[in-house]
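Asks: how does the following fold in three dimensions:
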Amino acid sequence: MIELTLYGRTYCHLCDDMKNALEPFRRGFSFVLHEVDVDSDPTLEERFGELVPVLMTGAPHASPDETQELCHYFLDAPAVQMWLKTQAAHN
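Replies: Next up, the predicted model:
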């Protein structure tokens with residue numbers, strides 16, 4: 001299963017924009033998008049600060065060694081598409 005995690009805030013318009021920009025990728029790829037409010041956890045709030053939204057590979061509970069940042073603030077469509085293609089080829 002391909003998983004992505006979007007770290008953001010409930011009142012963040014850039015977070016909403018990134019989530020909406022991911023929707024067209026669902027036509028070509030099957031993936032689960034986890035949404036995590038960084039304000040719900042002091043550790044996440046400290047880790048990300050104002051650097052939201054952040055799109056990471058993997059699930060929220062994955063270790064840092066198993067994840068990577070794909071983009072922050074705005075969706076990097078080519079990077080996301082390349083990563084999704086790579087993952088789909090392995091599944």
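Asks: unless I'm mixing things up, Gly58 is touching Thr5, no?
Replies: Yes. The pair Gly58 and Thr5 passes the contact test of Cβ atoms under 8 Å, sitting 6.4 Å apart. All C-beta atoms are positioned from the backbone trio N, CA, C, and that covers glycine.
Asks: of these two, which one has the most company?
Replies: Counted by other Cβ atoms under 10 Å, Gly58 and Thr5 do not tie: Thr5 has more neighbours, with 21 against 17.
Asks: what helix or strand is that one on?
Replies: When elements are assigned from DSSP states H and E, Thr5 belongs to strand 2-8.
Asks: again, but for Met56
Replies: Applying DSSP H and E, one finds Met56 within strand 54-57.
Asks: who touches that strand?
Replies: The contact list for strand 54-57 (Cβ atoms under 8 Å, 6 or more residues apart in numbering) reads 3-8, 18, 22, 48, 67-72, 75, 80, 83.
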